[in-house]
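Asks: Sequence and computational prediction follow.
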Amino acid sequence: MRLMGLDFGSKTVGVAVSDGLMITAQGVEIIRRESENKLRRTLARIEELVKEYQVDTIVLGFPKNMDNSIGDRAEKTLEFKEMLERRTGLQVVLWDERLTTVAAHRAMSEAGIKGTDRDKYVDSIAAVFILQGYMDRLEFEKNNESK
């Protein structure tokens, strides 16, 4: 069983997958598109990656506003979630992604990656943070059930 994490943006989708033991998340790639509404190739690529990595659940970053409300970007994410479920037949779990991009930029800054190079990696790293957060929560719940 493997999980896939996605950071869905207006022109990119950062992709991460879990290792086979579901302990760590690794960035796989950033899927880029020319227009926000052109999702056919993006969905096809995600479907290919699902098969390649034998994914059985997708964790999709859900960009709520800081006040917990749902804005335009979150509405588009909900639409994308429905498309993913139809296309892949898999369960798509929404995961609160507030501040993951900020955390990704901070991690790259601490690693000494220059500002211009950060844009090449930020979506993939944000997807790693989304997926790792979800997996950590699963592990926490698992450990608390046994107590």
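Replies: On my side now, so go ahead.

Asks: which residues of the protein fall in helices?
Replies: Secondary structure of the chain (DSSP state H): helices at 40-53, 72-88, 100-110, 115-145.

Asks: how about the ones you listed, which one is nearest residue 13?
Replies: Closest to residue 13 of the helices of the chain is helix 40-53 (C-beta to C-beta; 5.8 Å). For the C-beta atoms, the positions are set from N, CA and C on the backbone; glycine is no exception.

Asks: Can you list the helices and strands that that closest one packs against?
Replies: strand 2-8, strand 12-18, strand 25-32, strand 55-62, helix 72-88 (3 or more C-beta pairs under 8 Å, 6 or more residues apart in numbering; DSSP states H and E).

Asks: rerun at 7 Å
Replies: strand 2-8, strand 12-18, strand 25-32, helix 72-88 (3 or more C-beta pairs under 7 Å, 6 or more residues apart in numbering; DSSP states H and E).

Asks: So which of those is nearest residue 38?
Replies: Of all the helices and strands packed on helix 40-53, strand 25-32 sits nearest to residue 38, with 10.8 Å by C-beta to C-beta.

Asks: Tell me what angle the closest one forms with strand 2-8.
Replies: 40 degrees (axes from the mean of the first three to the mean of the last three C-alpha atoms, to 10 degrees).

Asks: Save the helices and strands packed on helix 40-53 as TSV, and put in mean pLDDT too.
Replies: Listed next are those as TSV, based on pLDDT from 0 to 100:
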stretch	mean pLDDT
strand 2-8	96
strand 12-18	95
strand 25-32	93
helix 72-88	95
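
Asks: so which of those gets nearest residue 124?
Replies: Each of those has some distance to residue 124 by C-beta to C-beta; the shortest is strand 25-32, at 3.6 Å.

Asks: Quick check: residue 133 touching residue 95?
Replies: Yes - under the criterion of C-beta atoms under 7 Å, residue 133 makes contact with residue 95 at 6.4 Å.

Asks: between the helices of the chain, which gets the lowest average pLDDT?
Replies: Mean pLDDT per stretch puts helix 100-110 lowest among these, at a mean of 66.

Asks: Just give me the neighbour total for residue 114.
Replies: Applying other C-beta atoms under 10 Å, we find 8 residues neighbouring residue 114.
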